[in-house]
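structure for the following, please:
(chains A and B)
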Amino acid sequence: MQFDATQLIPVLPEISLLTLACLVLLVDLFIREEQRIASYVITQVGLLVTVAVTLAVASSETQILFDGSYIRDPMSDLLKVGVLLVTFISFLYAKDYLIQRDLFKGEFYTLGLFAVLGMTVMISANSFLTIYLGLELLALCLYALVAFNRDSPQGAEAGMKYFVLGALASGMLLYGISMIYGTTGTLQFDELAQVVSKGDMNQIVMIFGIVFLVIGLAFKLGAVPFHMWVPDVYHGAPTAVVAFLASAPKIAAFALAMRLLVDGLAELNGGWQGWQGMLIILAVLSMGVGNLIAIAQTNIKRMLAYSTISHVGFIMLGILAGTKEGYTAAMFYTLVYALMSAGAFGIIIALSRKGFEAENLDDMKGLNQRNPWFAGMMLLLMFSMAGVPPTVGFFAKLFVLDAVVSVDLTWLALVGVAFSIIGAFYYIRVVKLIYFDQPEDETPLSIGVDTQVMLSINGLSMLVLGLFPAGLLSLCAAAIGS
Amino acid sequence: MIADWPILSLTVWLPIVGGFMVLASGDREANATKWTALTIAILTFIVSLPLWFAFDSATADMQFVERVPWVPGFDIEYYMGVDGISMPLIILTTFITPLVVIAGWEVIQYRPSQYMAAFLIMEGVMVGVFSALDAMLFYVFWEAMLIPMFLIIGVWGGPNRVYATIKFFLYTFFGSVFMLVALIYMYFQSGSFDILGFHTLKLGLTEQILIFIAFLLAFAVKVPMWPVHTWLPDAHVEAPTGGSVILAAIMLKIGGYGFLRFSLPITPDASHTLDWLIIGMSLIAVVYIGFVALIQQDMKKLIAYSSIAHMGFVTLGFFIVFIISQNSENTGGAVLGIEGGMVQMVSHGFISAAMFLCVGVLYDRLHSREIKDYGGVVNTMPVFAAFMVFFAMANAGLPGTSGFVGEFMVILASFQADFWYAFLAATTLIIGAAYTLWMVKRVVFGDVTSEGVASLEDMNRREFIVLGTLAAAVLLLGLWPAPLVEVMDASVNNLLQHIAVSKL
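Numbers count the residues shown, from 1 in each chain, chains lettered A, B, ... in the order given. Sure, this is the predicted structure:
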């Protein structure tokens, strides 16, 4: 195949990110400790530039490049913009935290940017190899980031645990890929879809392949029963890293599910033999276990980890519906969740300071007396997570429930809402601590102006998107192509 | 033409936007904040008045309709309108809120701006519930109500407030999520979230029964009906006076309204099949909860239980219509039942608000709600005693007050259904009189029992305005209920014609 320079245009976002990561790596070598802020500024500006680049190359048509291993379609455009913006937000929250704890190193940004590059590669993958490449790039950077605080035994433990379990999951995924490749003879998703529709494969091998694929996916998403790493990683990693880890990679994980299951294997979703049945089991378990165990947590990071697990269950509801509306709903949910999650960890970061880590639920006590404005923001975030209108979390849940009812899985919707009642308890408990209890710690919050502005935008977006959900929804619908 | 103005939107959004303004203004200028809140509340009341005066009571169609797409992807619309059933409840809401703002004037010292803002936002949201004609819009308002109420009870409530408010939140949240699934299900059957479209939607009996149960969970918790009433006494006792007033006067009505707007017209056959259940629950509420009220030591708890008993009348009036229409061809009795329930809702809105405010007046002075801490209040607070006795009489259903009208209509209607229903319902006249008047006797009359009571000062002008306004409303509705009955007549008749036709 002739090399054609115009082929590089759709890949510009990735090129931009790679350049940016290398630039930060180089610049960081030559600047002094007190000028370290430059790395941060370059990173943030670079992320925004990449957003602009992504928007510039975006179009409504689909382009498949590099011998079919790379795809640029409306879905990848929207998800990339989502990843980049959420990363921007979480890096902004992270800055002060890192500075106060002497963790303000260029490596944070280099690793973070390579992780983002991994995510965009995943989002744009059109073959098993590309998606695996992106996934591993993301995962390796995250392992290192989790253990970023070298002197923290908890962080090292979390990083190690994440690494071992993550490697296991990757192994599962690869094993599944190899079986599917073995029986269909292709790695490319569009070709795979054709083979599947012809039925030109060994059914049993195919089913085994899908099982392993789904297990690998469930590990990466953090769905029960493959969720054990999530609470430990959230708990052990520095909060600044968690703000990143808990938001942007969720969008990439959604893309992983969409590319693996929908692009290639959409025809095999039916009933309990297909991946729909597997996802139903994972979704019900995730919503159940996530919400129930979250109640027992006293550490807010662990609580949010279990809350992530339950939200993953809801996202799966949308995917397993197997309709365009369902994918749209799941995408809406994922983007909203990434935003909520970044905001919640942003508030936790804001409550911490040098020598004091806000980690326990009790640290939220009396926030309304210490700072009514950010108490209000956390209120919005918590009610949004609980899915109470008029916040956007409600619409995310509504659309997902809509999708499952539309495919005659009303019982699943009932299970979902039943668990969301249980979930509501631990979210309103946070609100209770903020508003009804007396503060134990009267130290005034010292939050940088940039963080204040970002947190306010983040919190108010819950309300604004909740009052006007149509815009984001139509973006998602356009991205899915319905 | 005044009916072309977006009056409903104004009534919803003026207090909500105003509430956020009050919130933003903070507590530095507490007095200015309070005046702003009061101005907004009164303005909202004035804005809502055209709903009454420009209302065409000859038609059962929706009026003041506003309809624009909201979330086109899921066919959700911003669709509002009122008929004779919802309009009086909106006016009730906008009428009570200014009184609540005045009642909290000096009493609330802790973060008054947040307090006032919560009530204003609450007001807008409640008006939204009554005026929404799109099921999702309704649900959004319905759930959004929980947030300010949760904070009102939790922040400004009594010693056991956290337990009470979490119980309140989880109970009502539990009730409503199943309604959400039912609404989504009907969306796929009818192709839109239009509530009036749901009314004409054909549904099988099994579907109807499941949907009816989902609605029942939501509305029975809100009303509240026995046996899911237990959150109410807790919430009332712990809530600040204003919170109790809004809870009793308006939030409970939303459950009753839900039965009329959703359960009866959408699932008429299931309502017919299961009417024995609702009638049974209502009669238990009337009789058993009446006895429970009799033994209460806490004044607020007593009024809370009396609210449950009175709301039992409302649901009784709504659900005896099936038996009445079986017994006779004449729809007059059925109309009487539903209109009686409606009048009872409005009247209970005034009376329960007034009773809670009376307890609030005493509580602000002696910081006790126990009946035994009072006695002989009439000696030191004669004006207050007059009001309290008057409202107690109204609560007991004295002819001439609004409390009598609704109860009487429902009892009359029950006679046409079954003598024993009427007999049991009528016992409330005795039990209600017993618990209310016995409480008044112990609190108001007799000799001064304690130094606390001896030091009481009579009502100030602020309290007089609040209670005086309510007394006027109670008397007016009691002596001349015709205008209220007239505005709802066309809508109620339309509703009855609609539910007389089986959907099967």
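
quick one: the strands in the chain?
Went with chain A since none was named. With strands called from DSSP state E, chain A shows them at A:63-65, A:70-72.

hm, I was asking about chain B
Remark: strands assigned in chain B by DSSP E are B:63-71, B:76-82.

find the nearest non-adjacent residue to the most centrally placed residue in chain A, please.
By Cα atoms, centre = their mean, the mean C-alpha position of chain A lies nearest to A:K250, the distance being 1.4 Å. Once flanking residues are discounted, A:K250 sits nearest to A:A338: 5.3 Å by Cβ to Cβ, 6 or more residues apart in numbering or on different chains. Using the backbone N, CA and C atoms, a C-beta is placed for each residue, glycine as well.

what's the answer for A:L475, then?
Spatial nearest neighbour of A:L475, excluding adjacent residues (Cβ to Cβ, 6+ apart): A:L78 at 6.0 Å.

could you do A:M316 as well?
In space, A:M316 is closest to A:A283, 4.0 Å off (Cβ to Cβ, 6+ apart).

show me the contacts for that neighbour.
A:223, A:313-314, A:316-317, A:320, A:412 (Cβ atoms under 8 Å, 6 or more residues apart in numbering or on different chains).

so which bits of chain B are right by chain A?
Applying Cβ under 8 Å from any Cβ of the partner chain, one finds that chain B approaches chain A through B:69-74, B:111, B:114, B:136, B:139-141, B:143-144, B:146-147, B:150-151, B:154-155, B:161-162, B:165-166, B:169-170, B:173-174, B:177-178, B:180-181, B:184-185, B:187-188.

check contacts around the residue nearest to A:L475.
A:L78 neighbours (Cβ under 8 Å, 6+ apart): A:331, A:475-476, A:478-479.

which one of those is nearest chain B?
Nearest to chain B among the contacts of A:L78: A:C476, at 8.6 Å, using Cβ to the nearest Cβ.

is it true that B:A392 touches B:V440?
Yes - the criterion here is Cβ atoms under 8 Å, and B:A392 meets it with B:V440 at 4.4 Å.

looking at these two, which one has more neighbours?
B:A392 (27 against 23; other Cβ atoms under 10 Å in any protein chain shown).

identify the residue spatially nearest to B:G360, adjacent ones excluded.
Excluding the flanking residues, the one nearest B:G360 by Cβ to Cβ, 6+ apart is B:T241, at 3.2 Å.

how close does B:D61 sit to B:I90?
For B:D61, the distance to B:I90 equals 17 Å [Cβ to Cβ, to the nearest Å].

surely A:K324 and A:C476 touch.
No - assessed by Cβ under 8 Å, A:K324 is found out of contact with A:C476, at 10.3 Å.

which one of the two has more residues nearby?
Higher neighbour count among A:K324 and A:C476: A:C476, with 27 against 14, using other Cβ under 10 Å.

can you tell me which residues in chain A are near chain B?
Close to chain B, as judged by Cβ under 8 Å from any Cβ, chain A has residues A:328, A:368, A:372, A:379, A:383, A:388-390, A:394-395, A:398-399, A:401-402, A:405-406, A:410, A:413-414, A:417-418, A:420-421, A:424-425, A:428-429, A:431-432, A:435-436, A:469-470, A:473-474, A:477.

weed out the non-buried ones from these.
Neighbour-count burial (16 or more other Cβ atoms under 10 Å in any protein chain shown) applied to the residues of chain A next to chain B gives A:328, A:368, A:372, A:379, A:383, A:388-390, A:394-395, A:398-399, A:401-402, A:405-406, A:410, A:413-414, A:417-418, A:420-421, A:424-425, A:428-429, A:431-432, A:435-436, A:469-470, A:473, A:477.

so which of those belong to helices?
Counted as lying in helices by DSSP state H, out of those, are A:328, A:368, A:372, A:379, A:383, A:394-395, A:398-399, A:401-402, A:405-406, A:410, A:413-414, A:417-418, A:420-421, A:424-425, A:428-429, A:431-432, A:435-436, A:470, A:473, A:477.

okay, now the unreliable bits of the stretch 351-482 of chain A?
In the predicted model, the stretch 351-482 of chain A carries pLDDT under 70 at residues A:482.

where does the chain dip in pLDDT?
No chain in the question, so chain A it is. A:1-3, A:269-273, A:482.

should've been chain B
In chain B (pLDDT under 70), the answer is B:1-4.

the closest residue to chain A within the stretch 251-400 of chain B: neighbour count?
Nearest residue of the stretch 251-400 of chain B to chain A, counting by Cβ to the nearest Cβ: B:I254, 14.9 Å away. For B:I254, the neighbour count with other Cβ under 10 Å is 22.

measure it to A:F88 for me?
For B:I254 relative to A:F88 (Cβ to Cβ), the value is 43 Å.

with B:P148 instead?
Applying Cβ to Cβ, the value for B:P148 to A:F88 is 33 Å.

do A:L245 as well
A:L245 sits 15 Å away from A:F88, going by Cβ to Cβ.

check B:G360 too.
According to Cβ to Cβ, B:G360 stands 51 Å off from A:F88.

what's the answer for A:P231, then?
Taking Cβ to Cβ, one finds A:P231 at 27 Å from A:F88.

list the buried residues in stretch B:108-118.
B:108, B:111-118.

for it, which outside residues touch it?
With Cβ under 8 Å, 6+ apart as the criterion, stretch B:108-118 contacts A:372, B:19-20, B:22-23, B:25-27, B:30, B:33-34, B:37, B:101, B:104, B:148, B:151-152, B:155-156, B:240, B:242.

distance of B:L274 from B:L205?
11 Å.

and if you look at B:G375?
Distance from B:G375 to B:L205, counting by Cβ to Cβ: 57 Å.

the two: who's more crowded?
Shown here are B:G375 and B:L205; by other Cβ under 10 Å, B:G375 has more neighbours (19 against 16).

what's the burial count for A:Q188?
Using other Cβ under 10 Å: A:Q188 sits among 23 other residues.

that one pairs with what?
Counting by DSSP bridges, A:Q188 is bridged to A:S127.

isn't it right up against A:A125?
No - using Cβ under 8 Å as the test, A:Q188 is too far from A:A125 to be in contact (10.0 Å).

ok, A:L245 and A:F88, which is more surrounded?
It is A:L245, of A:L245 and A:F88, that has more neighbours when counted by other Cβ under 10 Å, with 25 against 21.

residue contacts, the more buried one?
Counting by Cβ under 8 Å, 6+ apart, A:L245 makes contact with A:142, A:145-146, A:233-234, A:237.

make JSON lines from those residues and add distance to A:I9 and neighbour count to it.
Output for these, formatted as JSON lines (distance: Cβ to Cβ, whole Å; neighbours: other Cβ atoms under 10 Å in any protein chain shown):
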{"residue": "A:L142", "distance to A:I9": "29", "neighbour count": "25"}
{"residue": "A:L145", "distance to A:I9": "31", "neighbour count": "25"}
{"residue": "A:V146", "distance to A:I9": "35", "neighbour count": "28"}
{"residue": "A:V233", "distance to A:I9": "37", "neighbour count": "27"}
{"residue": "A:Y234", "distance to A:I9": "39", "neighbour count": "27"}
{"residue": "A:A237", "distance to A:I9": "37", "neighbour count": "27"}
